[in-house]
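J.: make a model of this:
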Amino acid sequence: MAHPSQLGFQDAASPVMEELLHFHDHALMIVFLISILVFYIIVAMVTTNLTNKFLLDSQEIEIIWTVLPAIILILIALPSLRILYLMDEVNNPHLTIKAVGHQWYWSYEYTDYEDLTFDSYMIPTQELTPGKFRLLEADHRMVIPVESPIRVLVSAEDVLHSWAVPSLGVKMDAVPGRLNQTAFITSRPGVYYGQCSEICGANHSFMPIVVETVPLEQFENWSLLMLEDT
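T.: Okay, the predicted model is just below:
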């Protein structure tokens, strides 16, 4: 989760998020170099005779300001398209979970199990125990096995919602009457927090998402306990 005075993104907990962080740094460096170049030209125009008509009408300058932006766009587009492909690819998921947005809570259905479904509500502030996070804790977490391909089917019951977990690099719109899908792999055990990222009504900020990744054996024990409770 994010912490006070944090700069930058949350720590990556999935391979896709690691790629997104690398792409962010790559694009930021390109923007930084462009800014330096533009600043140098502005300073040169003010302090030197850079604006003489022979230089501005030069064929070489026209070639440069046509070819250079094209090269920059290619340097940005190629890694961007690669990441988009990785984010859309779903290869033999070990587990499929259906997440449905409601006003204002999430419900989860583990489609590989017969009766494993539950609702996930935010824990009110007055009921939080020490060490829990305000507006982020839920009474039931979405538990998944670590290092396993997970497919999440996202939909909504009433209005538009958005299922988003920043540290996993996942953000998928929940649209009533439509089933969207996303996939990810967690790289380490932990608890990862997200929130609905679509303005869905008065209590929009009170429907958190909590994903807990555990070893496979622990996940199997959890699923058995949940099935017994239902």
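J.: list the buried residues of the longest helix seen in the chain.
T.: Of all segments of type helix in the chain, defined using DSSP state H, the longest is helix 15-47. Buried residues in helix 15-47, counted by 16 or more other CB atoms under 10 Å: Val16, Met17, Glu19, Leu20, Leu21. Every C-beta, even on glycine, is put in place using the N, C-alpha and C of the backbone.
J.: off-centre distance for it?
T.: Its chain's average C-alpha position is 23 Å from that of helix 15-47, according to CA atoms, centre = their mean, to the nearest Å.
J.: show me what the mean pLDDT comes to for it.
T.: Mean per-residue pLDDT for helix 15-47: 90.
J.: check which helices and strands that helix is in contact with.
T.: When contacts are defined as 3 or more CB pairs under 8 Å, 6 or more residues apart in numbering; DSSP states H and E, helix 15-47 sits against helix 59-88.
J.: list the helices and strands the helix it packs on packs on?
T.: If you count contacts as 3+ CB pairs under 8 Å, 6+ apart, helix 59-88 packs onto helix 15-47.
J.: what's the angle from the helix it packs on to helix 59-88?
T.: 160 degrees (axes from the mean of the first three to the mean of the last three CA atoms, to 10 degrees).
J.: can we start the residue count at 36 from this point?
T.: Yes, from this point I'll number from 36; that puts the last item at helix 50-82.
J.: all strands of this protein, in order?
T.: 130-137, 140-145, 152-155, 177-180, 185-191, 196-200, 205-209, 215-219, 225-231, 243-249 (DSSP state E).
J.: and of those strands, who's closest to Pro104?
T.: strand 205-209 (29.3 Å; CB to CB).
J.: got the contact list for that closest one?
T.: 49, 51, 134-136, 187, 189-191, 195-200, 215-217, 219, 229, 232-233 (CB atoms under 8 Å, 6 or more residues apart in numbering).
J.: what's the neighbour count on Trp100?
T.: Per other CB atoms under 10 Å, the neighbour tally for Trp100 reads 9.
J.: local confidence estimate at it?
T.: pLDDT at Trp100 comes out at 83.
J.: which parts of stretch 210-229 are buried?
T.: Neighbour count says stretch 210-229 has Val210, Asn215, Thr217, Ala218, Phe219, Ile220, Thr221, Ser222, Val226, Tyr227, Tyr228, Gly229 buried, by 16+ other CB under 10 Å.
J.: follow-up on the earlier one: what is the nearest of the buried residues of helix 50-82 to Arg117?
T.: Out of these, the member with the shortest distance to Arg117 (by CB to CB) is Glu54, at 8.0 Å.
J.: any idea how the chain splits into domains?
T.: 50-123, 130-264 (automatic domain parsing).
J.: need the winner for burial among these.
T.: Stretch with highest mean neighbour count among the domains of the chain: domain 130-264 (a mean of 17; mean count of other CB atoms under 10 Å).
J.: now for the buried residues of stretch 210-229: which two are most distant?
T.: Across the buried residues of stretch 210-229 (CB to CB), the longest gap, 29.1 Å, separates Val210 and Ser222.
J.: so for stretch 144-156, mean pLDDT?
T.: 91.
J.: for that stretch, what is the distance to the chain centroid?
T.: On CA atoms, centre = their mean, the centre of stretch 144-156 falls 23 Å from that of its chain.
J.: just stretch 192-204 next, same as before
T.: Centre to centre, stretch against its chain (CA atoms, centre = their mean), the figure for stretch 192-204 is 9 Å.
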